[in-house]
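In: I'd like to go over a predicted model; first the sequence, then the structure.
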Amino acid sequence: MRQILIVIFVLTVTIARADLGFPMVQAVCKIKTSDGKTYEGFIAVMYGDYADQHPNGFYFTNDREPVYNYALFFDYKFDNLQKSAGRYTYGNYAAEVKSIQRLQFLLYSRDYDVPFLLPSKQEVKEKDQNFLISRTVIQRRHLLLDTLPLYTELTECVFVDYSKKNLKHYKVPMKDIVSFEFVAEPSKLLLAEIDKKRKVCNAIVNSPDSSGDYLAPLWVHELLKNPEELKQYKDTFEKYHWRQ
């Protein structure tokens, strides 16, 4: 298992958000593989904290021409990945299958111990005037997985948790995937799992011993049914989130 470190330079911004930060975004996805099998389960689309949202995604590796290696991160467009007619397509991205030696799942590494924000300042002189440029370095590390864990069981508080190996899940080889899509109408079985864990979590959060600090995850299939809410999250993400 490899890891990829992405370093982005962005301007520091302040935006309005909930006291607990940005919510985690999760989805029900349907995956079809080259052997004719179809899988449906839960994935984490992006993680949230006080500073930003950190999406997972796909990584396309071209061993012969590394300059063409490409990372595609999930966003609020919820594009589907297709492998057909000798091409990979994902949103506006397209690549010849024969030029891609490896397709991997990008999983944001939440336990990354390097300081997240590293502010720096630099004085410059332009046209006989002095300027102070402030810059923030955001570092994110993603695991490169050859197998996509697709969960059918959630934690007590309705989260997809990749550290919980005991929760039921499929292990889908990335090399076998021919289609990956976000599901607007999940199966009754998976909807029942979400509803079941919501009830368990409500009991925990409302118990006398609870701190009450709980930010429920967003679900893609529910956002798709609420265009106004989806647009709000999409606009915020596109305005403030770091660019690839």
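Out: All right, it came through fine.

In: so which helix or strand takes in Val45?
Out: Assigned by DSSP states H and E, Val45 falls within strand 38-48.

In: Met46: what's its closest spatial neighbour, skipping adjacent residues?
Out: Of all residues not flanking Met46 in the chain, Pro55 sits nearest, at 3.9 Å (Cβ to Cβ, 6 or more residues apart in numbering). Bear in mind the C-beta positions are built from the backbone N, C-alpha and C, glycine included.

In: show me the contacts for the one you found.
Out: Going by Cβ atoms under 8 Å, 6 or more residues apart in numbering, Pro55 touches Val45, Met46, Phe73, Phe74, Asp75, Tyr108.

In: just checking, what's the longest strand in the chain?
Out: strand 129-145 (DSSP state E).

In: next SSE downstream of that strand?
Out: Note on strand 129-145: by DSSP H and E, the next helix or strand toward the C-terminus is strand 147-151.

In: which helices and strands sit right next to that next one?
Out: strand 25-33, strand 38-48, strand 169-173 (3 or more Cβ pairs under 8 Å, 6 or more residues apart in numbering; DSSP states H and E).

In: what are the contacting residues of that strand?
Out: Contacts to strand 147-151, defined as Cβ under 8 Å, 6+ apart, come from residues 29, 31, 39-43, 105, 160, 162, 167-174, 177.

In: same thing but at 10 Å, please
Out: With Cβ atoms under 10 Å, 6 or more residues apart in numbering as the test, strand 147-151 has contacts from 1, 26, 28-31, 39-44, 56, 58, 103-105, 107, 159-162, 164-165, 167-177, 180, 190, 193.

In: list the buried ones in that strand?
Out: Leu148, Pro149, Leu150, Tyr151 (16 or more other Cβ atoms under 10 Å).

In: of all these, which comes closest to Trp219?
Out: Of all the buried residues of strand 147-151, Trp219 sits closest to Tyr151, with 13.5 Å by Cβ to Cβ.

In: closest to Glu222 among the contacts of Pro55?
Out: Val45 (12.6 Å).

In: go through the helix ranked longest in the chain and flag the buried ones.
Out: Assignment by DSSP state H gives helix 188-205 as the longest helix of the chain. Of the residues in helix 188-205, Leu190, Glu193, Ile194, Lys197, Cys201 count as buried by neighbour count, 16+ other Cβ under 10 Å.
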